[in-house]
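[1] what follows is a predicted protein model with its sequence.
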Amino acid sequence: MDTQENPQVYDVVVVGGGAAGLNAALVLARARRRVAVVDAGAPRNAPAAHMHGFLSRDGMAPAQLLATGRTEVAGYGGELITGRVEAIEHGFFVRLAEGRVLRARRVLVATGCRDDLPEEIAGVRERWGKDLLHCPYCHGYEVRDQPIGVLGTGPSAVEHALLVEQWSSDVIMFSHTLTLTAEDRERLTARKVQIVEGQVTRLVAASDGDRLRGVELADGQVVPRAAVFLRPHNVPHDDLLIALGCQRDSNGWVDTDASGRTSVFGVWAAGNVINPRAQVITAAGQGSAAAIAINHDLIDEDVERAVEASRTLATIGRNTVRSEFSAELEAQVTQVVLGDRRHGL
Ligand SMILES: Cc1cc2nc3c(=O)[nH]c(=O)nc-3n(C[C@H](O)[C@H](O)[C@H](O)COP(=O)(O)OP(=O)(O)OC[C@H]3O[C@@H](n4cnc5c(N)ncnc54)[C@H](O)[C@@H]3O)c2cc1C
């Protein structure tokens, strides 16, 4: 087992083995980097039976995509570790909940985000990812032309209803906790989106439990609907990044450049942890971009170190041209050639 005294040194430790993390690991392993992926095994789209909108993978089970990805990463020598990372210390020391510590030259955090659902409505957990949906690009086609509801859980629900209308002409906006303005009503009505006032209390499943039957209101009325959309509140799993000192943008999400580089040296982020709107293919693409940037960053460091080493060796060579090769000299040479990496030997 690794210890702080003698940790293994990875080029990169990737935290999170969803689409973003696994695609990054695939690119890094193919770049002949020593890479480990630590994954807690709870990807965001786990409740959905099928994944859509990913060219060549449309309709695949989310778990199958990740299983295929893990096999590919392992095939190039990437290490897959099941577990939860509790902390990352500068340097980098990646601490797993079970006590193991991994040493890395760079870290990529791809830990995804959480969808906060309106738990005051009974049945939201059971129906989530089945017929309680958030993304029409992911699942709108599957419920096209069916009776659809949109829950008024926040101001963006009106835009959501107007978006969902692209997939069905039978859309009801349930005002729920949202107070609709005159302008909202005008826009919804112009697009033939019906408005049902009142608090929603329950999503009612059909007797077989397999599908949604309708939306129950506080007065007991059940409005038949085949699917319901909502915009959940997204919360990034960014504790590790914030603890490292990564800066946030004006929306409160960790700020990165286009490659996923954060404000902290050696720390990258990709996927839903920095962008809740990233689809699976986008998250995978961000992982790939981050991996390429990290590899370039490591090459820059290796080149700098090699130049420094060759200059130092030349100096040592000049100074010891007539002396014996000593243990002290060997230690000096090891330090300039291997630097921190000697700890892993
Ligand atoms: C119900 C639903 C259905 C969806 N359907 C689609 C669809 O059809 N098509 C589509 O393109 N998109 C879909 N999405 C969006 C999709 O889920 C995301 O695009 C995708 O999951 C983002 O990938 P990611 O790698 O960033 O994060 P995730 O897939 O969430 O992976 C993050 C991983 O990091 C792990 N992790 C978190 N913290 C730690 C830690 N501290 N230590 C170790 N591991 C950790 C998690 O356990 C998880 O395995 C859907 C989303 C939802 C909610």
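    Looks like it arrived, so ask away.
[2] SS state for residue 142?
    The three-state label given to residue 142 by DSSP: H, G, I helix; E, B strand; the rest coil is helix.
[3] pretty sure residue 264 is touching residue 246, no?
    Yes: here residue 264 lies in contact with residue 246, judged by Cβ atoms under 8 Å, at a distance of 5.2 Å. Where C-beta positions appear, they are placed from N, C-alpha and C, glycine not excepted.
[4] what residues does the stretch 101-250 of the chain put near the ligand?
    110-112, 115, 129, 135, 138, 237 (Cβ under 6 Å from any ligand atom).
[5] give me the subset of these that lies in helices.
    Using DSSP state H, the members of those that fall in helices are residue 138.
[6] and the residue in the stretch 201-345 of the chain that the ligand sits nearest to, how many neighbours does it have?
    Proximity to the ligand, evaluated over the stretch 201-345 of the chain using Cβ to the nearest ligand atom, is greatest for residue 271 at 2.2 Å. Applying other Cβ atoms under 10 Å, we find 34 residues neighbouring residue 271.
[7] same deal with residue 85?
    For residue 85, using other Cβ under 10 Å, the count is 24.
[8] contact partners for residue 135?
    For residue 135, the contact set (Cβ atoms under 8 Å, 6 or more residues apart in numbering) comprises residue 279.
[9] follow-up on the earlier one: of the residues of the stretch 101-250 of the chain next to the ligand, buried ones?
    Neighbour-count burial (16 or more other Cβ atoms under 10 Å) applied to these gives 110-112, 115, 129, 135, 138, 237.
[10] tabulate the residues you listed (JSON lines), appending pLDDT and distance to residue 66.
    Output for these, formatted as JSON lines (pLDDT from 0 to 100; distance: Cβ to Cβ, whole Å):
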{"residue": "110", "pLDDT": "99", "distance to residue 66": "12"}
{"residue": "111", "pLDDT": "99", "distance to residue 66": "14"}
{"residue": "112", "pLDDT": "98", "distance to residue 66": "12"}
{"residue": "115", "pLDDT": "97", "distance to residue 66": "18"}
{"residue": "129", "pLDDT": "97", "distance to residue 66": "15"}
{"residue": "135", "pLDDT": "97", "distance to residue 66": "19"}
{"residue": "138", "pLDDT": "97", "distance to residue 66": "16"}
{"residue": "237", "pLDDT": "98", "distance to residue 66": "17"}
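[11] so which of the residues you listed are in strands?
    With DSSP state E as the criterion, strands contain residue 115 from among those.
[12] tabulate the buried ones among the residues of the stretch 101-250 of the chain next to the ligand (a markdown table), appending distance to residue 166.
    Listed next are those as a markdown table, based on distance: Cβ to Cβ, whole Å:
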| residue | distance to residue 166 |
| --- | --- |
| 110 | 31 |
| 111 | 32 |
| 112 | 27 |
| 115 | 22 |
| 129 | 21 |
| 135 | 13 |
| 138 | 14 |
| 237 | 31 |
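[13] before we move on, back to that, give me the local confidence score for the residue of the stretch 201-345 of the chain closest to the ligand.
    With respect to pLDDT, residue 271 has a value of 98.
[14] just give the closest residue to it, not the sequence neighbours.
    Once flanking residues are discounted, residue 271 sits nearest to residue 20: 2.9 Å by Cβ to Cβ, 6 or more residues apart in numbering.
[15] and the contacts of the host helix or strand of the one you found?
    Per DSSP states H and E: residue 20 is located in helix 19-30. Helix 19-30 has contacts (Cβ under 8 Å, 6+ apart) with 11-12, 14-15, 17, 35, 37, 39, 43, 65-66, 69-70, 72-73, 76-78, 108, 110, 112, 270-273, 278, 280-281, 283-288, 290-292, 294-295.
[16] closest to residue 218 among the buried ones among the residues of the stretch 101-250 of the chain next to the ligand?
    Nearest to residue 218 among these: residue 115, at 24.2 Å, using Cβ to Cβ.
[17] just give the closest residue to that closest one, not the sequence neighbours.
    Spatial nearest neighbour of residue 115, excluding adjacent residues (Cβ to Cβ, 6+ apart): residue 232 at 3.9 Å.
[18] neighbours of the one you found, just the number please.
    Residue 232 has 19 neighbours, counted by other Cβ under 10 Å.
[19] dump the residue contacts of it.
    Contact partners of residue 232, counting by Cβ under 8 Å, 6+ apart, are 115-117, 134, 153.
[20] for those residues, which single residue is the most surrounded?
    In the contacts of residue 232, the most neighbours by other Cβ under 10 Å go to residue 153, 22 neighbours.
[21] where does residue 294 sit: helix, strand or coil?
    Per three-state DSSP, residue 294 ends up helix.
[22] before we move on, what about residue 284?
    Three-state assignment for residue 284 (three-state DSSP): helix.
[23] for the residue nearest to residue 115, give me the backbone phi and psi.
    Torsion angles at residue 232 (phi, psi; degrees, to the nearest 10) stand at phi -70, psi 160.
[24] check which helix or strand residue 17 maps to.
    Going by DSSP H and E, residue 17 is not in any helix or strand.
[25] who are the contact partners of the closest residue to it other than its chain neighbours?
    Spatial nearest neighbour of residue 17, excluding adjacent residues (Cβ to Cβ, 6+ apart): residue 39 at 2.9 Å. By Cβ under 8 Å, 6+ apart, the contact list for residue 39 reads 16-18, 21, 80-83.
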